[in-house]
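Participant: Need a 3D model of the following:
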Amino acid sequence: MTSSRYFFHLAFLGTNYHGWQRQGNANSIQQVIETALSEILKEPVSIMGCGRTDTGVHASQFYFHADLDARWEFDLLFRLNKVLPPDLAVYEILPMLPNQHARFDAIQRQYDFFIHTYKDPFLNSVSTLVENQTWNFDKMKQAIALLTRYDDYRAFCKTPDGYEHTNCKVSSANLFINENGDRLRFQISADRFLGRMVRLLMGKLIKIGAGTLSVEEFESYFIEKITPKEWDPAYPQGLFLSKVNYPYLQQPAHTNFGAIHLYENWKMIE
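Facilitator: Coordinates of the predicted model:
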């Protein structure tokens, strides 16, 4: 029987999972979805995600593809969402060509990282707390401006030798602040991202904002291409994969980071 390829458009809250990737001894998003699809379709189903997320990292837009042997005669979208836990939501099932690939065809991914500066139980799982911080925004913006000037991100990869190369083309990077001045949002887009790259960058940007790391030292990581001796990635719960684009598929996310972020009035820090 000939199989057909489908893209599934979804979002997830990563708090209760050890990342996207299937693991033998830990709960993963991929495993939960594969189990649900296999039970519904009564056949083994393997899926391929558009990328990998760390433990506790979220996605407001994510895609995976699956090759399914038969066209189902029921509402698969409805049934899948009924089976999946509340922290996973599938929005669309899109028929694709057999050679269209959720991971390898992606031409741009965007991440958003959220910081709050006051203790808030409702933000705890979706934003990183940095208390009593007086931010040096000028220095942070200087550092962020460097991200589009350099292509080799070896110094911001947990396992650089595990990649064929560590080049990433960052197309945009910006810093936002909310109307009350007590929350920050860092947004970065690139053609690819390395393992823990955004969290490692964010860890350094927080230090620059606090005045404990200079912009010159930050730039030296790019120039020398040496992995820092001290690993200080930002906590994962503030990180969202927020946009994935393909040459043949570019559409808005169906969720805006949840109600707690929806009504924020974010202003770019110039």
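Participant: where along this structure do the helices fall?
Facilitator: 29-41, 76-83, 137-145, 197-210, 215-224, 259-262 (DSSP state H).
Participant: Let's have those helices in CSV, adding mean pLDDT and distance to residue 49.
Facilitator: For glycine as for every other residue, the C-beta is placed from the backbone atoms N, C-alpha and C. Shown next, in CSV, are these (pLDDT from 0 to 100; distance: least, C-beta to C-beta, whole Å):
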stretch, mean pLDDT, distance to residue 49
helix 29-41, 97, 6
helix 76-83, 97, 16
helix 137-145, 97, 28
helix 197-210, 96, 17
helix 215-224, 95, 29
helix 259-262, 66, 23
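Participant: Go through these and pick out the most buried.
Facilitator: helix 197-210 (a mean of 22; mean count of other C-beta atoms under 10 Å).
Participant: ok and that one relative to helix 137-145, angle-wise?
Facilitator: Angle of helix 197-210 versus helix 137-145, following axes from the mean of the first three to the mean of the last three C-alpha atoms, to 10 degrees, is 150 degrees.
Participant: What is helix 197-210 packed up against?
Facilitator: Packing partners of helix 197-210 (3 or more C-beta pairs under 8 Å, 6 or more residues apart in numbering; DSSP states H and E): strand 108-116, helix 137-145, strand 183-190, helix 215-224, strand 239-245.
Participant: how about a cut-off of 10 Å?
Facilitator: strand 108-116, strand 128-129, helix 137-145, strand 170-177, strand 183-190, helix 215-224, strand 239-245 (3 or more C-beta pairs under 10 Å, 6 or more residues apart in numbering; DSSP states H and E).
Participant: The ones you listed: which one's closest to residue 164?
Facilitator: strand 183-190 (16.4 Å; C-beta to C-beta).
Participant: Just give me how far that closest one sits from the chain centre.
Facilitator: Relative to its chain's centre, strand 183-190 lies at 11 Å (C-alpha atoms, centre = their mean, to the nearest Å).
Participant: Adding distance to residue 159 as columns, could you present the helices of the chain in TSV?
Facilitator: TSV is the format used below for the helices of the chain (distance: least, C-beta to C-beta, whole Å):
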stretch	distance to residue 159
helix 29-41	20
helix 76-83	33
helix 137-145	24
helix 197-210	11
helix 215-224	16
helix 259-262	31
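Participant: Any idea which of those helices gets closest to residue 126?
Facilitator: The nearest among those, by C-beta to C-beta, is helix 259-262 at 6.7 Å.
Participant: so where's the stretch 51-200 of the chain uncertain?
Facilitator: Within the stretch 51-200 of the chain, the set of residues satisfying pLDDT under 70 is empty.
Participant: Name the nearest residue to residue 3, ignoring sequence neighbours.
Facilitator: Sequence neighbours aside, residue 67 is the residue nearest to residue 3 in space, at 4.3 Å (criterion: C-beta to C-beta, 6 or more residues apart in numbering).
Participant: residues near that neighbour, how many?
Facilitator: 15 (other C-beta atoms under 10 Å).
Participant: mind listing what the nearest residue to residue 150 once chain neighbours are set aside touches?
Facilitator: Closest residue to residue 150 apart from its sequence neighbours, by C-beta to C-beta, 6+ apart: residue 222 at 4.2 Å. Going by C-beta atoms under 10 Å, 6 or more residues apart in numbering, residue 222 touches 146, 147, 149, 150, 151, 152, 153, 154, 155, 156.
Participant: now do 7 Å
Facilitator: Residues in contact with residue 222 (C-beta atoms under 7 Å, 6 or more residues apart in numbering) are 146, 150, 152, 155.
Participant: on that earlier part again, what separation is there between the residue nearest to residue 3 and residue 99?
Facilitator: 11 Å (C-beta to C-beta, to the nearest Å).
Participant: And for residue 227?
Facilitator: 36 Å.
Participant: In terms of neighbours, single out the busier of the two.
Facilitator: A count of neighbours by other C-beta under 10 Å puts residue 227 above the other of residue 227 and residue 99, at 17 against 8.
Participant: Now for the more buried one: which residues touch it?
Facilitator: Applying C-beta under 7 Å, 6+ apart, the residues near residue 227 are 154, 155, 160.
Participant: which of those tops the neighbour count?
Facilitator: residue 155 (22 neighbours).
Participant: mind listing what that residue touches?
Facilitator: Residue 155 neighbours (C-beta under 7 Å, 6+ apart): 221, 222, 225, 226, 227, 228.
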